[in-house]
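Asks: structure, please.
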Amino acid sequence: MIFHNRPTVGKKEIDAVKKAISSGYLSQGKEVSKFERNFANYMGIDEKNVVAVSNGTSALYLALWALGAKNKKTIYPTYSCSSIRNASALIGAKEKLCDVEMNSPNMSPLNGKEGDIIIAPHMYGFPINLLKKKGIIIIEDVCQSLGSTTKGKPLGLLGDLSIFSFYATKMITSCGQGGMIISKDKYLIKEIVDYVNFDNRRDKKKRFNFQMSDVQAAMGRVQFSRLNEFIEKRDKIFRYYKNLGLPLIDIKYKNKNTSPVRYRIILMCKNPELIKRKLFLKNIAVINPLETQELLSENKK
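Replies: Reported below is the predicted structural model:
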């Protein structure tokens, strides 16, 4: 069976995890710091602008917390991961759903001040044509698009805060879970670091443990070093299907410098269930990403 998604984990990842375990230091330590430094170098920012956390959902929750999102009108698309709604609800934000663009999985451009905070997911590896507007706070959700670029720069540098996920199905994984938060505002990251480092504190502030472990970071660092390899492999698969003449979604904006990663290859078809059955008979697993129960809107539109 060719699986729908499966992490590529090899000897280097296994050896890195074994080394972290044999060190006797399993919780957060040097490996996490090295991972944060690697990530900061990739993004072209200072390592004090980066913090590793337990997963992508906690990254979003912490971003909303740092921005004081409680009771603020928070906009995000009805077609997006339920983690966005969950994190927003936990923080006490006021949900405002928006639609996606025509023939695109990405949210439609927003005009004017329609809310306080925008959570903008770059879906399936496709960068949003995102414009920073005065007075609007933006959280870039790059969980599905690590490696995508705009104007030659990696996604995640436009938002006030940006989040990344290293879940088992993402572009890279750190032992099945893991996440990262970045911001050009060092104060926001400093606040998040203070919140996450909950143990043995001598004040009365309320905090919570969202830390990444050294075991996670050890695998994450190896996976991160292989990111270009993974991007090239996915692109090769995409071009193979594209050259067969299949009707695949391939979003191209007017900005020719935008480069997506092929996190998912999406086939447009009128009868997805038939396609799924036919491919299953050939031992190929696929999913229909447009099931209405996955939409966040109550009326399922």
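
Asks: C-alpha only now, for contacts and for neighbours.
Replies: Fine.

Asks: what count of nearby residues applies to residue 77?
Replies: Residue 77 has 24 neighbours, counted by other CA atoms under 10 Å.

Asks: list the residues that contact it.
Replies: Applying CA atoms under 8 Å, 6 or more residues apart in numbering to residue 77 gives the contacts 97, 98, 99, 100, 106, 107, 120.

Asks: what about the last one, how many neighbours?
Replies: A count of neighbours around residue 120, defined by other CA under 10 Å, yields 24.

Asks: longest helix of this structure?
Replies: Longest helix of the chain, by residue count under DSSP state H: helix 227-243.

Asks: list the buried residues in it.
Replies: Residues 227, 230, 231, 234, 235, 238, 242 are the ones in helix 227-243 that count as buried (16 or more other CA atoms under 10 Å).

Asks: now swap in stretch 1-18 and tell me
Replies: For stretch 1-18, the neighbour count (16+ other CA under 10 Å) marks 13, 16, 17 as buried.

Asks: go on, stretch 56-76?
Replies: Judged by neighbour count (16+ other CA under 10 Å), stretch 56-76 contains these buried residues: 56-67, 69-70, 72-76.

Asks: what does stretch 242-258 give?
Replies: With burial defined by 16+ other CA under 10 Å, the residues of stretch 242-258 counted as buried are 242, 249, 250, 251, 258.

Asks: can you tell me the helix or strand for residue 76?
Replies: For residue 76, the element it lies in under DSSP states H and E is strand 73-77.

Asks: now that strand: average pLDDT?
Replies: Averaging pLDDT along strand 73-77 yields 95.

Asks: now for residue 54, how many residues are close by?
Replies: Using other CA under 10 Å, residue 54 is surrounded by 23 other residues.

Asks: in terms of pLDDT, where does residue 131 sit?
Replies: At residue 131, pLDDT is 73.

Asks: separation between it and residue 18?
Replies: For residue 131, the distance to residue 18 equals 44 Å [CA to CA, to the nearest Å].
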